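Peer 1: Quick one, what's the 3D model for this:
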Amino acid sequence: MLRNYLKTTLRNLWKHKAFTFINIFGLAAGLTACLLIGLYIHHELSFDRFHQKGDRIARAVMHYSIEGTAQKTVMTGTKVGPALRRDFPEVEGFVRVSDPALSQSTVVIKQGELLFNEPRFIWADSAFFDVFSFKLRKGNAKTVLNAPNQVVLTASTAQKYFGDADPVGKTIRLEDKVDYLITGIAEDAPSNSQLQFDFVASFHSLSAAKTETWWNANYVTYLLLRPSASIAALQAKIPGYMRRQSAETEMTGNNFVTYLLEPLTKVHLYSDAEGGMSAAGDITYVYIFLIIALLILVIAAANYMNLTTARATERAKEVGMRKVLGAVRKQLFWQFLSESLVLTLGALLLSLIAAAAFLPLFNRLSERQLSLQVLFQPAGVVSLAAVWLTVSFAAGSYPALALTSFQPIKVLKGAFKNTASGLLLRKSLIVLQFIISVFLIISTLVVNNQMNFIQQKKLGYDKQHIVALPTDERINQNLKALKNEFRQNPNVKQVALAYETPTFIQWGDGIETVGTSTPVQKMVTAFPGDEELAKTLNIQFVAGSDLTESDLQLLNAEDDAKSEYRFLINETLAKQLGWKPQEAIAKKIKLGGRIGEIKGVFQDFHFASMKHTIGPLVIFPINWGNVLLVKMTGKAIPQTLSFLESKWKTLAPHRPFSYTFLDEEYNQMYSNENRISRVFTLFAGLAIVLACLGLFGLVAYTTSQRTKEIGIRKVLGASVLGITALLSKDFLKLVVLSIVIASPIARYAMNEWLKDFVYRMDIPWWVFVPAGAAVAGIALLTVSVQSIRAALMNPVKSLKSE
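Peer 2: Numbering: from 1, shown residues only. Okay, the predicted model is just below:
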């Protein structure tokens, strides 16, 4: 029986090649989209799940509040791990890891005569390879980091530096100062790891390892709990414990500092803390991708139902004959369902080939390293089989039931007509398909407009034509000469030294007013720089004046306690301290251990994501830093960069010349949103193509049902244009209905998405016009092609065939 079903199915599909091709193409396109999105979702959900002890690892997030202003940061002091292990039996171990992005500097490695800038150089405690499941090719996990000046290289890094030679036992030189002994070789970190590194050096190499402090938050701390311990139970004990440390933390009254424990496997998608070693994901976007995949699959399945039922009149007599010859409805049902199974299987196989072909492009769009290998693992094979059967039964059941319900007597007499309910279902499917298409198009336009709004919004500082050059202590000592050499180029306007770039300033600190009857404390962001920082970024002042070279001369490099500081504060901080901008001038404040007076108040500017309001900010002078900001005119940029490189090689030969553009760094903050924008655009276009295939099927069905009517109308003098308009208007009504339904749904969904942004665009009314016009235009073209073809038929042949 099964063999007969299969033979009949293959013959029928081969006989109607055009129908088979369109159906397979539609299903394959939808399944390809689902496979690619499924790979992305699997990758996001798998973050950090490869660690064998992952369910016992928690990341400590510092949660602190000063004067009612609370913040969360992944950066902690050096004491968190050791203190919690000593005082809580639930804690088995800890690992402190440096964050290379914190200071936005790179480590310079010297190997022989070669110099390399290495941005993924981290320091970690000796338990790093014991707590985390990063595989070592060479070396003992318990000893590779147990002494100062030891380092483990990844396999790709070892190949880069030493080729095929064994590097273990050899040394590399850091910053042309210290030699580090290579004690092990590790596998490259998987792409679904929040910890990304090329080098892991022993934490004991750092001077910070010699002291324990709750503050000086420069490190990410991970705790390993004992097998019987609960993260939630330990979390409940920490606030009370930290209150007992108030004498040491100096957080009293309503001020507090505590730590929140984030399960390792939840960090990537669920953490709301600032910072982190890799760009975090968002569970919201996983849901968005999942919804897109389901919507695409619904469109593809609806196409199959429409195209199959559109051919009902062609197969009505076949069904009638089969029933007369003794076939029961159950046999006919499985016959038609077998066609769905075979056709869907063909589409699935084709989608696997297409997914492999388009995966490199999708990887670029999604900024991920996805692989099809996961689909051929047991869980992947089961998932593919489930998708095949689900789509086959979901898409094939209704056509099978509809076709097997024909009454043989009526069919063979030529009195067969489709039911009104069947036609209603097909029209409903078309409306659903275009609702999805319009929704995706409107969403794409809103996301793109929000990204343009963010990129074009005035930030309060100038990020155009500014390059950031990582610097170090030796360059800082010779900074004046380097600046003078750079300025010889007429296309270089300003050169400033800063602790970090202004796109996302991470230095958090506390200030206190000095000389007031009641000292006021505030939590602020600090942005150290030299006297050219404000000029380079074109920061505007509303009161007072900018820093000068003489302000830097008040600093004492030998004893900071003897330094006199001049501070610049933003309007927000002045307001929070209860001062008007002019009133703030000459007032004294203490920032950390630095005491000085306010010299200027500048206009607020954005120094974090647009998802956050502008907070209080302090600029104070430094004669050291991690980055040089070079402002160019924008003319002859390649030649200017070449000039800067030549000067750099002369004055800083110990460090390779590397740079990033400030505007590119700013755009990188919105990588998740930009990724969503690109994917929305891709799949919105695919949804339109698939929806038009469904519309094509319904038009084909309608014209086949009205062949005799069209012939009569032509005989009576109807024009091609008139017949085309007659056939098209009903379908355009469906498209208009789709636009009316989809628009408010899309508006609501996009308003919810925009709530994540403090600074956001308003959704303009006109965004619905191009979406509706595009869908209506494409639908009209699809309908017109089929309608004109029907209108051009010879009426003699159509009437004769009837």
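
Peer 1: tell me the SS of residue 189?
Peer 2: Here residue 189 is recorded as coil under DSSP: H, G, I helix; E, B strand; the rest coil.

Peer 1: gap between it and residue 685?
Peer 2: Residue 189 is 35 Å from residue 685, where distance means CB to CB, to the nearest Å. Heads up, the C-betas are built off the backbone N, CA and C, glycines and all.

Peer 1: Please apply the same query to residue 172.
Peer 2: Note on residue 172: its distance to residue 685, by CB to CB, is 49 Å.

Peer 1: out of the two, which sits in the more crowded spot?
Peer 2: Using other CB atoms under 10 Å, the more surrounded residue of residue 172 and residue 685 is residue 172, with 23 against 14.

Peer 1: wait, is that one part of a strand?
Peer 2: Yes - according to three-state DSSP, residue 172 belongs to a strand.

Peer 1: for it, what are its contacts?
Peer 2: Counting by CB atoms under 8 Å, 6 or more residues apart in numbering, residue 172 touches 109-111, 151, 161, 179-180, 182.

Peer 1: what about 10 Å?
Peer 2: Residue 172 makes contacts with 109-112, 116, 118, 151, 153, 157, 161-162, 178-182, 199, 201, as judged by CB atoms under 10 Å, 6 or more residues apart in numbering.

Peer 1: Any of the residues you listed buried? List them.
Peer 2: Among the contacts of residue 172, those buried by neighbour count (16 or more other CB atoms under 10 Å) are 109-110, 116, 118, 151, 153, 157, 161-162, 180-182, 199, 201.

Peer 1: just to revisit the earlier point, so which of the contacts of residue 172 sit within helices?
Peer 2: 157, 161-162 (DSSP state H).

Peer 1: Was I right to think residue 579 contacts residue 542?
Peer 2: No - Residue 579 lies out of contact with residue 542 (CB atoms under 10 Å); the separation is 12.0 Å.

Peer 1: shared neighbours, the two?
Peer 2: Counting by CB under 10 Å, 6+ apart, the residues touching both residue 579 and residue 542 are residue 601.

Peer 1: quick one: which of the ones in helices among the contacts of residue 172 is nearest residue 785?
Peer 2: Residue 785 lies nearest to residue 157 out of the ones in helices among the contacts of residue 172, by CB to CB, at 57.5 Å.

Peer 1: got the contact list for that closest one?
Peer 2: The contact partners of residue 157, taken as CB under 10 Å, 6+ apart, are 109, 116, 118, 120-121, 167, 172, 185-186, 188, 197-199.

Peer 1: Please apply the same query to residue 683.
Peer 2: Listed by CB under 10 Å, 6+ apart, the contact partners of residue 683 are 33, 36-37, 289, 292-293, 295-296, 440, 444, 690.

Peer 1: now, which of these lie within helices?
Peer 2: Among these, the ones falling in helices (DSSP H) are 33, 36-37, 289, 292-293, 295-296, 440, 444, 690.

Peer 1: On the three-state scheme, the nearest residue to residue 211 once chain neighbours are set aside is what?
Peer 2: Of all residues beyond its chain neighbours, the one nearest residue 211 is residue 78 (6.6 Å), with distances taken as CB to CB, 6 or more residues apart in numbering. Of the three states, residue 78 takes coil according to three-state DSSP.

Peer 1: Just name the shakiest helix or strand of this protein by mean pLDDT.
Peer 2: Lowest on mean pLDDT, DSSP states H and E among the helices and strands of the chain sits helix 408-413, with a mean of 56.

Peer 1: and whatever helix or strand residue 733 lives in, what does it pack onto?
Peer 2: Per DSSP states H and E, residue 733 falls inside helix 720-754. Helices and strands touching helix 720-754, by 3 or more CB pairs under 10 Å, 6 or more residues apart in numbering; DSSP states H and E, are helix 283-310, helix 420-456, helix 671-705, helix 707-715, helix 768-791.

Peer 1: need the contact list for the nearest residue to residue 537 once chain neighbours are set aside.
Peer 2: The shortest distance from residue 537 to any non-neighbouring residue, by CB to CB, 6+ apart, is to residue 461 (4.1 Å). By CB under 10 Å, 6+ apart, residue 461 lies in contact with 502-503, 533-534, 536-540, 602-603, 605-607, 662.

Peer 1: Filter these down to just the ones in strands.
Peer 2: Those of the contacts of residue 461 mapping onto strands are residue 602, per DSSP state E.

Peer 1: So how do I select the buried members of the contacts of residue 461 in ChimeraX?
Peer 2: Only the buried members of the contacts of residue 461 enter the following ChimeraX selection, criterion being 16+ other CB under 10 Å:
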select :502,503,533,534,536,537,538,539,602,605,606,607,662
